[in-house]
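Undergrad: how would this look folded up:
(one chain, ligands or ions: 2)
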Amino acid sequence: MYALPVAGIELGGTKCVLTLAHGPDTILAQETVPTEAPEDTLSALAAVLARWWADTGFAALGIASFGPVCLDPAKAQFGHILTTSKPGWSGTDVARRLVAPYAVPMAFDTDVNGAALAEMRWGAGQGLRDFAYVTVGTGVGVGLVVNGLPTRGIGHCEMGHIRVPRLPGDTAPSGCPFHDDCIEGLASGTGIRAALGDQPVASVGPEHPVWDRVASAVALLCHTMVATTGPQRIAIGGGVLQRQPHLLARIDPLLRASIAGYLEVPQAPYVVAPALGDQAGPLGPIAMALQALAAGAA
Ligand code: ADP
Ligand code: ZN
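TA: Ligands and ions are numbered 1, 2, ... in the order given. All right, here's what the predicted structure looks like:
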């Protein structure tokens, strides 16, 4: 363990969680700031960091953010939020300005890539090289780790917007304004609300057909991953899975039926719940900061 803790910020759509920790068993402080106008939110985050810096200091800073974000350090936009429907946040620099007062290593990534790294370090992905963390909440996010690293590319993983076949007879609206049949449009909280119309989600029982649509779309997401980078395990969390506990157990058999024996899917438990629970998100930037520290020391 390093003498100094590291600091992490998880920037979420509704709230941001700051964590000062060595790891999950040594969380020294955790504070929450509401996500409102960028200037208000960022100055509140900066104030907490300044206080922690004065109190104990920190050896590195991790920042894991809702997207879309620029992850390419060669670009001027690195560490910025890109075009988003969140009012005021498009083009906001979140990473460089928060680390600017401190001469410490900084790591910046998506919230789901951070959660994937935290699960690999301390949770459901320990000892694995290839792993996926999926969250089914307001949207569908995927942190896909290949050969120990979260995928990069022209942007970042947006597997929630992969288009999948709808179940026969499912003509209900999609929750995605861009795609009529992407996983997020069919399975996210937004997609569920679009399908249910006026019916409140809390009022529909586990036998309602909307859950067939959700389970099918998430199983097809898993099929896509099995057939592309082949995670050794897939952890699925988020508000929809948490509030509908019958869903998780349905996904593994649907995945196996969909693969239909063509590829060997690792034995169950293959599709699992995140072991870190609610802390997978907040601990993401802590895992990232520890990685940045180790890389700097190497
Ligand atoms: P976020 O994705 O915004 O971080 P959560 O992961 O907590 O938040 O997920 C919130 C989503 O959960 C909302 O989109 C909401 O529609 C959905 N949700 C709320 N209640 C239920 C429920 N009883 N069953 C299924 N989904 C629900
Ligand atoms: Zn979409």
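Undergrad: Any chance of the backbone angles for Gly8?
TA: phi -140, psi 150 (degrees, to the nearest 10).
Undergrad: That one - how many residues pack around it?
TA: Gly8 is flanked by 30 other residues according to other C-beta atoms under 10 Å. (Glycine included, C-beta is placed from N, CA and C.)
Undergrad: residues touching Ala116, list them.
TA: 125, 131-133, 143-145, 150, 235, 284 (C-beta atoms under 8 Å, 6 or more residues apart in numbering).
Undergrad: From Arg163, how far out is Asp252?
TA: 23 Å (C-beta to C-beta, to the nearest Å).
Undergrad: Which one's more surrounded, these two?
TA: Asp252 (18 against 14).
Undergrad: Hmm, the more buried one is touching Val271, no?
TA: Yes: under the criterion of C-beta atoms under 8 Å, Asp252 makes contact with Val271 at 4.5 Å.
Undergrad: residues from the stretch 151-298 of the chain in reach of ligand 2?
TA: 161, 176, 178-179, 182, 184 (C-beta under 5 Å from the ion).
Undergrad: what helix or strand is the most centrally placed residue in the chain on?
TA: The residue lying closest to the centre of the chain (C-alpha atoms, centre = their mean) is Val112, at 2.0 Å. Element membership of Val112 [criterion: DSSP states H and E] is helix 111-122.
Undergrad: Mean confidence (pLDDT) on that helix, please.
TA: Mean per-residue pLDDT for helix 111-122: 98.
Undergrad: The next helix or strand after it pairs with which strands?
TA: The helix or strand immediately downstream of helix 111-122 is strand 131-136, counting by DSSP H and E. Looking at strand 131-136 with DSSP bridges, its partner strands are strand 140-146 (antiparallel), strand 234-237 (parallel).
Undergrad: Buried residues, the very next helix or strand once past the last one. List them.
TA: Toward the C-terminal end, the helix or strand that comes next after strand 234-237 (DSSP H and E) is helix 239-243. Neighbour-count burial for helix 239-243, counted by 16 or more other C-beta atoms under 10 Å, picks out 240-242.
Undergrad: re earlier: would you write a PyMOL line that selects the buried entries of the contacts of Ala116?
TA: Here is the PyMOL command that selects the buried residues among those (16+ other C-beta under 10 Å):
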select buried, resi 125+131+132+133+143+144+145+150+235+284
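Undergrad: Okay, now the unreliable bits of the protein?
TA: Applying pLDDT under 70 to the chain flags the ranges 1-2.
Undergrad: in it, which spans are helices?
TA: Using DSSP state H, the helices found in the chain span residues 38-55, 95-99, 111-122, 183-187, 189-196, 210-227, 239-243, 246-259, 280-297.
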